[in-house]
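> Next input, structure requested:
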Amino acid sequence: MVWTLAMAALVGCEDGNGAPDGAVLPSAPAGAEVVRSSRARITASAAPAEDLQALARGNAEFGLALYRAVGAEAGNVVMSPHSVSVALGMTWAGARTETETQMASALRFSMGQARTHAAFNALDLALAQRAMRPVDGGGQRFRLRVVNSLWGQRGYRFLTPFLDTLGEHYGAAMYLVDFVRDAEGARRVINTWVSTQTERRIPELLPMGVVRSSTVLVLTNAVYFSASWAQPFPAGDTRPADFHLLDGSTRSAPTMNRVAELRYAEGPTWQAVELPYVGEEVSMLVIVPAVGRFAEVERGLDGAALTAVVAGLHPRRVTLSLPRFSFRKPAGLREPLRAMGMTDAFSSSADLSGMDGTRSLFIQDVLHEGYIAVDEAGTEAAAATAVIIGRVSAPEPATLRADRPFLFAIRDNPTGAVLFFGRVVEPSR
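Alright, predicted model coming up:
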């Protein structure tokens, strides 16, 4: 497995998100009418550079912590920390009191609501502008699309300041659907929208059953990225080679090969190389632990360690072998986020009153799916995140069947005096 977080975190917006080139929000999908904030997307953010840096550092730290939680399961992993952070950042706009504090701590948001949302907007716009700049000799540096949307229950009242924040800083419109009468139909509409925005690489973000009649809002972020290597791998040099699995067995894999001047670093337990895409402003960082040291390196890779790896990169002639690969990975993030301290948001204690002015909403689930394909020409990647918001339901009626031995007490309630106490281990008449 190669390291994909460094590349996956570098996403912005190409269209459909209020980008500076004048693009507009996508038209409403079939079966959904659109409601937009009266405030336009801010396309000239005044957020200072230090706020963007603080946001990027926090997002990287959060992303690596979340990766370690998701990576506890066996198998390949690909995820977009940026997608998850944006979707939960939009959700955080409606959080208050202890829920807001817990979410900020888990997500590594350190600047307060106003500065954080402005920094997300500035980061998105800056990356979009970079993607649109042509390279020497013509062509595009990379293709990039990031879009945000809200899917709200028709007739439900959401607060104007909440919708204004998401419209101004995230370019997110609200599409009205009917979860109450047709939750399955709403699920299909959302999945179709996500599939379209990710070039069909994320065909079904929301599995059957996760959207219910008690759902009132789904916040979604979709990302699509495609880029060519600055120096492609010669297709004729790709040949089968052994890939050594963690259990000690080997598997043959089509492996790309090339010799090139690249930025390279190494430590006692790892080697790393940076593979730039066209334009050399976005790259893939590949970190290869030494034999038998994968778990140790993976466990120790936090934000500071990743920064140290990048700082150690220097030009060097490298003979590189890298397997071609392509896979997708769905992930439920509710339990990992709860383990990171975001507990109230998923319970009846949630305070999302910034969304609707009540304490009746909570996060039912957070779902993410990532896709990546790497070959001789470059990389294609996509990701989507959905935060599902529902109403706190009345507790289900309890069932108690005294069909086994039980105790009883006859009490005087005003005084608490126990007048009789006993047990029944065998019923009789």
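
> Count residues in the vicinity of Thr319, would you?
Other residues lying near Thr319 total 8 when counted by other C-beta atoms under 10 Å. Glycine gets a C-beta too; all of them are placed from N, C-alpha and C.

> For Leu246, see how far away the residue nearest to it when sequence neighbours are not counted is.
Leaving out its chain neighbours, the residue that sits closest to Thr319 by C-beta to C-beta, 6 or more residues apart in numbering is Val259, at 5.0 Å. Distance, Val259 to Leu246, using C-beta to C-beta, to the nearest Å: 28 Å.

> Then Gly171?
Shown here: Gly171 relative to Leu246, a distance of 42 Å by C-beta to C-beta.

> Which of the helices or strands spans the most centrally placed residue in the chain?
Centroid check for the chain by C-alpha atoms, centre = their mean gives Val84 as the closest residue, at 2.1 Å. Under the criterion DSSP states H and E, the helix or strand holding Val84 is helix 81-92.

> any idea of the mean pLDDT in that helix?
For helix 81-92, mean pLDDT is 96.

> Send me it as PDB with only the CA atoms.
This file holds the C-alpha atoms of helix 81-92, laid out as PDB (Å, rounded to 0.1, in the frame of the first residue of the first chain):
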ATOM      1  CA  PRO A  81      -9.000  14.300   5.000                       C
ATOM      2  CA  HIS A  82     -10.000  17.600   3.200                       C
ATOM      3  CA  SER A  83     -13.300  16.200   2.200                       C
ATOM      4  CA  VAL A  84     -14.100  15.000   5.700                       C
ATOM      5  CA  SER A  85     -12.900  18.300   7.300                       C
ATOM      6  CA  VAL A  86     -15.000  20.400   4.900                       C
ATOM      7  CA  ALA A  87     -18.200  18.300   5.400                       C
ATOM      8  CA  LEU A  88     -17.800  18.400   9.200                       C
ATOM      9  CA  GLY A  89     -16.700  22.100   9.100                       C
ATOM     10  CA  MET A  90     -20.100  22.800   7.500                       C
ATOM     11  CA  THR A  91     -21.800  20.800  10.200                       C
ATOM     12  CA  TRP A  92     -19.800  22.600  12.900                       C
END
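
> Going by neighbour count, which residues in the helix or strand following that helix are buried?
Using DSSP H and E, the helix or strand that follows helix 81-92 in sequence is helix 97-107. Under the neighbour-count criterion of 16 or more other C-beta atoms under 10 Å, helix 97-107 has Thr99, Glu100, Gln102, Met103, Ala104, Ala106, Leu107 buried.

> and of these, the nearest to Asp351?
Thr99 (4.3 Å; C-beta to C-beta).

> can you state the direction angle for the helix holding Val84 and helix 97-107?
Put simply, helix 81-92 runs at 170 degrees to helix 97-107, going by axes from the mean of the first three to the mean of the last three C-alpha atoms, to 10 degrees.

> tell me which element Ala60 falls in.
helix 49-70.

> One more: Pro276?
Counting by DSSP H and E, Pro276 is found in strand 270-276.

> and Arg115, helix, strand or coil?
helix (DSSP: H, G, I helix; E, B strand; the rest coil).

> can you tell me how far it sits from Ala87?
Applying C-beta to C-beta, the value for Arg115 to Ala87 is 19 Å.

> Those two: which is more packed in?
In terms of neighbours (other C-beta under 10 Å), Ala87 is the more surrounded of Arg115 and Ala87; the figures are 26 against 16.

> quick one: that one and Val387 touch, right?
Yes: counting by C-beta atoms under 8 Å, Val387 is a contact partner of Ala87 at 5.2 Å.

> so what's in contact with those two at the same time?
By C-beta atoms under 8 Å, 6 or more residues apart in numbering, Ala87 and Val387 have these common neighbours: Leu219, Thr220, Val366.

> Let's see which of the residues you listed end up in helices.
When DSSP state H is applied, these are split such that none fall in helices.

> Please identify which of those is nearest to Thr307.
The shortest approach to Thr307 among those belongs to Val366, at 26.8 Å (C-beta to C-beta).

> Now that closest one. Nearest residue, chain neighbours left out?
Leaving aside its sequence neighbours, Val366 sits nearest to Leu333 (C-beta to C-beta, 6+ apart; 4.1 Å).

> quick one: the one you found from Ala183, how far?
Leu333 is 21 Å from Ala183, by C-beta to C-beta.

> These two: which is more packed in?
Ranked by neighbour count (other C-beta under 10 Å), Leu333 and Ala183 place Leu333 first, with 24 against 19.

> would you list every one of the strands in the stretch 151-300 of the chain?
173-177, 215-228, 239-244, 250-267, 270-276, 283-289 (DSSP state E, counting those that start in this stretch).

> tell me the mean pLDDT for the last one?
In this case it means strand 283-289. Computed over strand 283-289, the average pLDDT equals 91.

> do the same with the fourth one
In this model, strand 250-267 has a mean pLDDT of 92.

> Now do the buried residues in it.
Of the residues in strand 250-267, Thr255, Met256, Asn257, Arg258, Leu262, Arg263, Tyr264, Ala265 count as buried by neighbour count, 16+ other C-beta under 10 Å.

> quick one: which of the residues you listed is nearest to Arg145?
For the buried residues of strand 250-267, the nearest to Arg145 is Met256 (26.5 Å; C-beta to C-beta).

> List the contacts of the spatially closest residue to the closest one that is not a sequence neighbour.
The shortest distance from Met256 to any non-neighbouring residue, by C-beta to C-beta, 6+ apart, is to Phe233 (4.0 Å). Each residue near Phe233 by C-beta under 8 Å, 6+ apart is listed here: Met256, Asn257, Arg258, Leu322, Asp375, Glu376.

> Could you dump the shared contacts of Ala87 and Val387 into TSV and include neighbour count, pLDDT and distance to Thr250?
Formatted as TSV, these follow (neighbours: other C-beta atoms under 10 Å; pLDDT from 0 to 100; distance: C-beta to C-beta, whole Å):
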residue	neighbour count	pLDDT	distance to Thr250
Leu219	29	98	44
Thr220	28	97	40
Val366	25	97	37
